[in-house]
Structure formats: C-alpha cells, structure tokens
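Engineer: Provided below for reference: sequence and predicted model.
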Amino acid sequence: MQNLEQFQALLSTPKRVVITTHHKPDADALGSSLGLAGYLKQYNHQVTVITPTDYPTFLNWMEGNNEVVVFTNTGMETKAAELVADADIIFCLDFSSLDRINQLGELVRASSAKKVLIDHHRNPEDFAQFVEWDVEAAATAQLIYRLLCAMGDREKITPAIADCLYAGIMTDTGSFRHSNTSKEVHLVVAELIDLGANVNRVSQLIYDNGSLDRLRFMGYALSERLEVLPQYSTAYIAISAEDLMRFQIKTGDTEGLVNYALSIEGVCFAALITEREDGVKLSLRSVGDFSVSDLASKHFNGGGHKNAAGGRSDKSFTETLAYFESLLPQYQSLLDTTNQLQNAHV
C-alpha cells in the first residue's frame, strides 16, 4: 500500500467499520473478511461484516460468522444500508468493482466513508482512497497477511485469524495445486502455522463436510452432465435448474465441480454452466496461457484471473450452451498450442 502511513493514521482511533466482499462469498472472501474483522476488533473498532448474499454452510466455523449481516436476508437490507451510511471506513475485499456486490455496491459508492480496496483480481475499479492490490497474489487472504505485517502487527494474528486466512489461501490455490502457488504462498502458510493455524482441522471442515445430496449430485453431474470436446481440448458440465432442485443443492454445493472437468487428460479449458433463477452462470478454468478471464470478459460479462474466472449469460440455458460451443472454433489454435505445451511438460 503506497500511502500506508496515512492508512495507519486513519486506524489510529476507533472507527465504525464495514467490511464487505463479493456475491456468493467463498473461503477467501469470507476468511479475509472475518480475519480482518478479528484484527480490527483488537483495536476497539466497531466492525460489521456485510455480505451481499449467503455463503456455504461449510464456512460457518469461522470466528465471527454469527455476527455477519447478510444483505439479502429478510429484514437485513435496511440494517445493512444504515451501517454502510454511518461507516467511517468501508473495506472492500476480494472483488475489483462495485457491481460485484449487487445493490450493496451503490450504497457503498454513495457512502462518505473512506474506502479501502484489498484484492487480487484484474482491472480494479478506481473508487478507493487506499488500495492493496496485487494480481500476482494467490488470494486476498495473502494480501491481508502482507498488510498486517507491513503495519508491524504480525503478532496480532490470533489462531482464529490464522485459520481464516489459511482457509482463503488453501482454497484459492486449489489446495496448493494451481499455478498461483508461489514461494510466497508457502512462506505465508508456514507463518500462519507458526501463528496457530490448525491446517488439518480447516481442511476437514471445508472439504470433508458435505451432505449426502451433494455427493449424489456430484456423481450425477459427472456421469450425466459432463461433455468432453477433445477437438478443442475442452470439457464442460451443464447443470439445469431442474438438476439443482432435484438434489436440493445449496449455496456452495457446486464449488470445485469444474475442476473435475479440468482434470481430464488432454483438457486445458473447462467450464461449469449452471442455470440459476437470476440467469445462467459460468465458472471457467484453464491451464497454461489460455486466459479464461479474457474469454469471460469478452463474451460473458465477467472476468477474474487468467486461469480462473466467472461470467454470466442473459440467454436461455439451451442458448448459452450452444453459444459456448460456437465460440470454441475461434480459440482452437490457442487451445491446441496450450495443450501441446502442457503435454511437453508432462
């Protein structure tokens, strides 16, 4: 952060603080938010974490979860609006533009509070007075750790905070398998372990805590809804609204599903295409130099990272599937090159 001294001066006396993060928060979004909240509370700041929507129940173990205000919950919109309007400081974590937090974004934009953006996604919107942004960082939780250390407050990271930050880094690196797993990632994780992170417990709470319905859904998705297009080194899983209803799918139950498609030999581009009430959502993954962020930005009103991005479509579910497949020929040369390079590295 360039203006770190000014930022520290801003935090030198107790403030009314709101921390918010993106739609459908994942472990990095919520872990970063609750980890930062735990730190700020040690300095007597009045802190509230507000999420635009609900989040997976397998994240409910995080310290401070019971105090989170979910904007879309019945009766919470007014409370959230008042908290945002009255805030002295608003932290925006793990998203690069205010449209990623839906209606909450306009409230944040209108607030007179100082804005702090901490994020690792591409093309950050210029709305914050203080920015900790690094597209090379694997997770926002990594940036939170970096910022606290820069402020000389490493020792303020309690075991509960360390657990939250570790969860964010673990999940955003695909359990340290993705190409964003850098030397710094391993060093930060080692420090978090020294500070009390219980890595086995965190892993079990996130990965070994699924419902029977979710397990059956995963089997169904892979056996009945997986399409492999070897001529394009591509695989995708298409999940209809009827599928979601049949298996009583809850928030977070589809998380990680797209990675199974990407794990197929010869596949360097994978997609999970899901029909939701508010439109068709796409979760995109790739390996090598094939940028799903560019594809999502150009064709699906989205973006993210080079190898992990998301988007949405206003077309019908069937039309979206057809459109997705129609795009592949124009990317064939790049997909072929990526596949050849991946095979050369095996």
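Structural biologist: Perfect, I can see it now. The structure displayed is predicted, hence computed values, not measured ones.
Engineer: Pretty sure residue 116 sits in a strand.
Structural biologist: Yes - under DSSP: H, G, I helix; E, B strand; the rest coil, residue 116 falls within a strand.
Engineer: which residues touch it?
Structural biologist: By Cβ atoms under 8 Å, 6 or more residues apart in numbering, residue 116 lies in contact with 7, 89-92, 128-132. Using the backbone N, CA and C atoms, a C-beta is placed for each residue, glycine as well.
Engineer: Make a PyMOL selection of the buried ones in those residues.
Structural biologist: To isolate the buried ones among the contacts of residue 116 in PyMOL, judged by 16 or more other Cβ atoms under 10 Å, type:
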select buried, resi 7+89+90+91+92+128+130+131+132
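Engineer: of the contacts of residue 116, closest to residue 244?
Structural biologist: residue 92 (29.5 Å; Cβ to Cβ).
Engineer: Remind me what the helix or strand that the closest one is a member of packs against, helices and strands.
Structural biologist: Assigned by DSSP states H and E, residue 92 falls within strand 89-93. When contacts are defined as 3 or more Cβ pairs under 8 Å, 6 or more residues apart in numbering; DSSP states H and E, strand 89-93 packs onto strand 16-21, helix 27-41, strand 114-119.
Engineer: swap the cut-off to 10 Å and go again
Structural biologist: Helices and strands touching strand 89-93, by 3 or more Cβ pairs under 10 Å, 6 or more residues apart in numbering; DSSP states H and E, are strand 16-21, helix 27-41, strand 46-51, helix 103-110, strand 114-119, strand 130-133, helix 140-150.
Engineer: Turn those into a markdown table, columns for mean pLDDT.
Structural biologist: Below are these laid out as a markdown table (pLDDT from 0 to 100):
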| stretch | mean pLDDT |
| --- | --- |
| strand 16-21 | 99 |
| helix 27-41 | 99 |
| strand 46-51 | 98 |
| helix 103-110 | 95 |
| strand 114-119 | 98 |
| strand 130-133 | 97 |
| helix 140-150 | 99 |
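Engineer: could you dump those to JSON lines with distance to residue 318?
Structural biologist: Compiled in JSON lines, these are given as follows (distance: least, Cβ to Cβ, whole Å):
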{"stretch": "strand 16-21", "distance to residue 318": "33"}
{"stretch": "helix 27-41", "distance to residue 318": "31"}
{"stretch": "strand 46-51", "distance to residue 318": "32"}
{"stretch": "helix 103-110", "distance to residue 318": "29"}
{"stretch": "strand 114-119", "distance to residue 318": "35"}
{"stretch": "strand 130-133", "distance to residue 318": "39"}
{"stretch": "helix 140-150", "distance to residue 318": "36"}
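Engineer: Mind checking the ones you listed for the one nearest to residue 218?
Structural biologist: The minimum distance between residue 218 and the helices and strands packed on strand 89-93 falls on helix 27-41, with 18.4 Å, by Cβ to Cβ.
Engineer: Of all the residues in the closest one, which ones are buried?
Structural biologist: 27-40.
Engineer: Could you do stretch 282-302 as well?
Structural biologist: By neighbour count on 16+ other Cβ under 10 Å, the buried set for stretch 282-302 is 282-288, 290-293, 295-297, 300, 302.
Engineer: Would you tell me which of the helices and strands packed on strand 89-93 gets closest to residue 247?
Structural biologist: The nearest among those, by Cβ to Cβ, is helix 27-41 at 22.1 Å.
Engineer: Which strands and helices lie in contact with the closest one?
Structural biologist: If contacts are counted by 3+ Cβ pairs under 10 Å, 6+ apart, helix 27-41 sits against strand 16-21, strand 46-51, strand 89-93, strand 114-119, helix 140-150, helix 159-172, helix 199-207.
Engineer: Okay, now the unreliable bits of this structure?
Structural biologist: 345-346 (pLDDT under 70).
Engineer: For stretch 44-63, buried residues please.
Structural biologist: Neighbour-count burial for stretch 44-63, counted by 16+ other Cβ under 10 Å, picks out 45, 47-56, 58-59, 61-63.
Engineer: Also stretch 185-195?
Structural biologist: 185, 188-189, 191-192, 195.
Engineer: For residue 232, state which of those residues is nearest.
Structural biologist: residue 185 (31.2 Å).
Engineer: Spatially, what comes nearest to the closest one if we skip its sequence neighbours?
Structural biologist: residue 138 (5.0 Å; Cβ to Cβ, 6 or more residues apart in numbering).
Engineer: The one you found: neighbouring residues, count only.
Structural biologist: Here the count is done by other Cβ atoms under 10 Å, and residue 138 has 26 residues near it.
Engineer: Name the helix or strand for it, please.
Structural biologist: Taking DSSP H and E as the definition, one finds residue 138 inside no helix or strand.
Engineer: distance of it from residue 47?
Structural biologist: Applying Cβ to Cβ, to the nearest Å, one obtains 25 Å for the distance of residue 138 from residue 47.
Engineer: Out of the buried residues of stretch 44-63, which comes closest to residue 207?
Structural biologist: Checking these one by one against residue 207 (Cβ to Cβ), the nearest turns out to be residue 58, at 8.3 Å.
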